[in-house]
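Asker: I would like the atomic coordinates for the input below:
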Amino acid sequence: MAVLDDTKTLLGIGDTSMDGVLNIYIRRAVTKITTYLNIYTTQQTYTDCWGNTTTVDPIDVELTYPDAVIEDTIENFRKRGNEGIKQGSEGPRSQTYDNSLSDATKSLLPVPFVRMQSARPTDGGYYGY
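Answerer: Residues are numbered from 1 along each chain as shown. Model prediction:
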């Protein structure tokens, strides 16, 4: 709820008439940030090749990165109706679409996580070369 309230404050919206639209943009921002950072929003359990189990707790993007969610929400709200258009021209009609995070939003986020998956030999062979 804090993200919605802060977004409305920055946009100068005092009533609830745009809450539905803003909630959609907030949800889209969370999805884009989750994908960009390569993080999970649900609890994950992994078992490695030695039988060790690791549980990774979910990350609540709205609570952890509220400024990035607000930034992306406001950017997309202001482009409403023209979402994703990066460049455009009227003449012979040329448009370039972009649905990624802006540099301003990325600057509010940490470096994306890299997930590594190890290969386990099934034939009893050796790891490596």
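Asker: Strands of this structure, residue ranges please.
Answerer: Along the chain, the stretches classed as strands by DSSP state E are 44-47, 53-56, 85-89, 94-97.
Asker: what are the pairing partners of the second one, and which direction each?
Answerer: By that I understand strand 53-56. Sheet partners assigned to strand 53-56 using DSSP bridges are listed as strand 44-47 (antiparallel).
Asker: Go through this protein and flag its longest helix.
Answerer: Secondary structure of the chain per DSSP state H: the longest helix is helix 19-37.
Asker: Spatially central residue for the chain, please.
Answerer: When C-alpha atoms, centre = their mean is applied to the chain, the residue found nearest the centroid is residue 33 (1.4 Å).
Asker: and the residue nearest to it when sequence neighbours are not counted, how many neighbours does it have?
Answerer: The shortest distance from residue 33 to any non-neighbouring residue, by C-beta to C-beta, 6 or more residues apart in numbering, is to residue 61 (5.2 Å). C-beta coordinates here come from the backbone N, C-alpha and C atoms, glycine included. The tally of other residues near residue 61 (other C-beta atoms under 10 Å) stands at 22.
Asker: buried ones in stretch 34-44?
Answerer: Burial within stretch 34-44, assessed by neighbour count using 16 or more other C-beta atoms under 10 Å, is assigned to 36, 37, 39.
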